[in-house]
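quick check, what structure comes out for this input:
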Amino acid sequence: MKENKSDMKSILIKNGNIIDGTGNPWFKADLLIEQEKIKEISRCIKDCDANRTIDATDLIVSPGFIDIHTHSDHTILLGEGENALTQGVTTHVVGNCGFSATPPINPNKLKEEDYDTFKLILAPILAISEVESKYQRLNEYLNDLKQKRIPINIIPLIGHSMLRLNVLGLDNRVPNSNELQEMKDILAEEMEYGAFGMSTGLDYPPGSFSETEEIIELCKVVKEYNGIYTSHFRGFGIGLIRATKEAIKIAKTGIPVEISHFKPFGFYFGDIKKACRLIEKAREDNLDITFDVFPQASNYTFLFALIPPWVYYTKEKLDIPRALDILKQTKTDNDLKNKIYEEIDNIVESFLKIKKQEDWIKVYIDAPNRPDYGGKTIYQISLEKNIDPREALIQILIDVKGSANATYLSMSEEDNIITIAHPLSMFASDGQIIPEENDKIFPNPYCYGCFTRALGKYVREEKLLTLHDAIRRMTSFPAQKLGLKDRGLLREGFWADVTIFDHRKIIDKATYENPRLYSEGIEYVFVNGALAYDQGKFTGALSGVPLSRK
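Numbers count the residues shown, from 1 in each chain. Take a look at the predicted model:
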């Protein structure tokens, strides 16, 4: 009978170099795990009848990493969390960018003509296929995760876009006073059930339809429950400064603010420095604003981002079926084609510095319903089809019915380093649990190589950060932001979320061309005291728990 290593009641970790998450350098000590908690940390633990002893000589023993920005709301129930565990991650924060498992979309508020738009664009973000949700409120979602068992811990936020979809559908308008009160009431109920805060996705509909005052009113509710506000804010391109100012205005309500994946979408040199200075000044004014970053010099969003907005937005709403009809007309209407081509040229030159055909290697396609496109650049596809890259872009969108995302090589390494090294930044993948059996998903490489890239490239190779400071940004810093009292540090009595790794070998292996490669250097990962990853083997522990703010 196969030994279930995850069921061991006590494990002694000997001779480790402990980096406890405080930001202090490592110290040599033993660590004893009993049941789900850290029982003892001492220079030498003797007379211990542990079920197993792990020799951690020359290895780093740290708190399990907390990924403060993910989209694992539904995929957490699929697989063993392999791409998280191989990065040393033990906790995912979900409900980001305005989208969460609850509250549900209200089908009665979604107009019939909006269903196609929802299924093509919004459903992939939520990782669902139908409008109807199985969860009405957060308590049902958390109970389901607990009953079905999950590989790592989950911390829930409530998505602002879900509040809008529940009350306003996809209407592009300001809520009236009764509708705003209904949104506030739903949010309060979700906070009562244990949500840690609210997120917005102000670049995505329907969150993009909201005005700042709407967000402020909702944040007042979150503040009453000591929650936080996280934001994928408006305009990562030319609107970076304006968007940062909006986040600062919201922070003036007194709510802690976390700016998600804080980096420019495009080569706007100098803007990120100005945005950082605005945040620094806001903190001098006693506003609690921090941000998170993934360490790759790229971004990931809808493929429609390269198409002129008038094609897919009307004054009233986002309309993907109409957009696809317009794109199809470019095959017969040369004037329309030339107009759209010209505007695509302006967009891609501005965002991506694309000036010639070969430059389209900067756009990698993710189209789950067309795996023949997945992982290829628009440049590759244009060569295969022997067509202009702009025509290839349009054809891809038509073929996938608008349901495609892309990874964009959209920023300079200089700007990337500014956000990574900034003292107010913590690390986050903007990824999700990827079910290993689903080979149609072509994710961005952050899903498999965020934390390991930070530790391998920017700590060991580039020496941009010290090892103990980088671990602080992955552990106690996000724990502090979230208000966690017993995670994020190696302390006696804390939950035993523990990662052991070889700092000499740790590195990401995922690339834009092959993003589903596991990282190297992680040796052991414990989730709530259970050994979930054991020297290259997944134990199937499923020892994660959904956490509640209460």
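
ok, which stretches of the stretch 51-200 of the chain are strands?
52-55, 60-63, 65-67, 89-94, 153-156, 158-159, 197-201 (DSSP state E, counting those that start in this stretch).

adding mean neighbour count, mean pLDDT and distance to residue 411, write those out as a markdown table.
Every C-beta, even on glycine, is put in place using the N, C-alpha and C of the backbone. Formatted as a markdown table, these follow (neighbours: other Cβ atoms under 10 Å; pLDDT from 0 to 100; distance: least, Cβ to Cβ, whole Å):
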| stretch | mean neighbour count | mean pLDDT | distance to residue 411 |
| --- | --- | --- | --- |
| strand 52-55 | 16 | 96 | 40 |
| strand 60-63 | 28 | 98 | 29 |
| strand 65-67 | 31 | 98 | 21 |
| strand 89-94 | 30 | 98 | 24 |
| strand 153-156 | 26 | 98 | 28 |
| strand 158-159 | 28 | 98 | 26 |
| strand 197-201 | 28 | 97 | 20 |
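
can you say which of the ones you listed is nearest to residue 229?
strand 197-201 (5.8 Å; Cβ to Cβ).

run through who's touching the closest one.
Residues outside strand 197-201 that contact it (Cβ atoms under 8 Å, 6 or more residues apart in numbering): 95-100, 157-161, 187, 207-208, 210, 215, 218-219, 222, 227-233, 260.

closest one to residue 286 among the strands of the stretch 51-200 of the chain?
The nearest among the strands of the stretch 51-200 of the chain, by Cβ to Cβ, is strand 197-201 at 19.5 Å.

next structured bit after the closest one?
Where DSSP states H and E defines the elements, the next helix or strand beyond strand 197-201 is helix 212-224.

what packs against that following helix?
helix 160-167, helix 177-192, strand 197-201, strand 228-232, helix 240-251 (3 or more Cβ pairs under 8 Å, 6 or more residues apart in numbering; DSSP states H and E).

between strand 197-201 and the longest one, find me the angle.
In other words, helix 177-192. 130 degrees (axes from the mean of the first three to the mean of the last three Cα atoms, to 10 degrees).

go on, the last one?
In this structure, helix 240-251 runs at an angle of 160 degrees to strand 197-201, with the same axes, to 10 degrees as the basis.

the nearest residue to residue 266 once chain neighbours are set aside in helix, strand or coil?
Counting by Cβ to Cβ, 6 or more residues apart in numbering, residue 351 is the residue found nearest to residue 266 once chain neighbours are left out, at 4.0 Å. Three-state assignment for residue 351 (DSSP: H, G, I helix; E, B strand; the rest coil): helix.

does residue 351 touch residue 298 like I think?
No: under the contact definition of Cβ atoms under 8 Å, residue 351 does not touch residue 298, with a separation of 11.7 Å.

picking that back up, and the helices and strands packed on helix 212-224 as a markdown table, adding distance to residue 442?
Shown next, in a markdown table, are the helices and strands packed on helix 212-224 (distance: least, Cβ to Cβ, whole Å):
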| stretch | distance to residue 442 |
| --- | --- |
| helix 160-167 | 24 |
| helix 177-192 | 33 |
| strand 197-201 | 22 |
| strand 228-232 | 21 |
| helix 240-251 | 28 |
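
closest one to residue 415 among these?
When the helices and strands packed on helix 212-224 are compared (using Cβ to Cβ), the closest one is helix 240-251, at 10.3 Å.

per-domain residue ranges of the chain.
As assigned by automatic domain parsing, the chain contains the domains 5-66+488-538, 70-297+411-482, 302-408.

so which of those is the most surrounded?
Of all those, domain 70-297+411-482 carries the top mean neighbour count, a mean of 21, counting by mean count of other Cβ atoms under 10 Å.

for residue 25, give its distance to residue 467.
As judged by Cβ to Cβ, to the nearest Å, residue 25 and residue 467 stand 8 Å apart.

no no, residue 204
For residue 204, the distance to residue 467 equals 36 Å [Cβ to Cβ].

do the same with residue 19
7 Å.

need the overlap of contacts for these two.
Joint contacts of residue 19 and residue 467 (Cβ under 8 Å, 6+ apart) are 26, 60.

list the contacts for residue 106?
165, 166, 167, 169.

just checking, residue 60 touches residue 505?
No: using Cβ under 8 Å, residue 60 makes no contact with residue 505, being 10.9 Å away.

flag the shaky bits of the stretch 251-400 of the chain, pLDDT-wise.
267-270, 316 (pLDDT under 70).

where exactly do the strands run in it?
Under DSSP E, counting those that start in this stretch, the stretch 251-400 of the chain gives strands at 257-259, 289-293, 299-302, 363-366.

quick revisit: how about the domains of the chain in TSV, adding distance to residue 549?
Listed next are the domains of the chain as TSV, based on distance: least, Cβ to Cβ, whole Å:
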stretch	distance to residue 549
domain 5-66+488-538	15
domain 70-297+411-482	5
domain 302-408	31
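
who's in contact with residue 41?
18, 29, 30, 31, 32, 490, 491, 492.

now the residues you listed in CSV, with distance to residue 374, pLDDT and secondary structure?
Converted to CSV, these look like this (distance: Cβ to Cβ, whole Å; pLDDT from 0 to 100; DSSP: H, G, I helix; E, B strand; the rest coil):
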residue, distance to residue 374, pLDDT, secondary structure
18, 42, 98, strand
29, 46, 98, strand
30, 47, 98, strand
31, 42, 98, strand
32, 46, 98, strand
490, 40, 98, coil
491, 44, 98, coil
492, 47, 98, coil
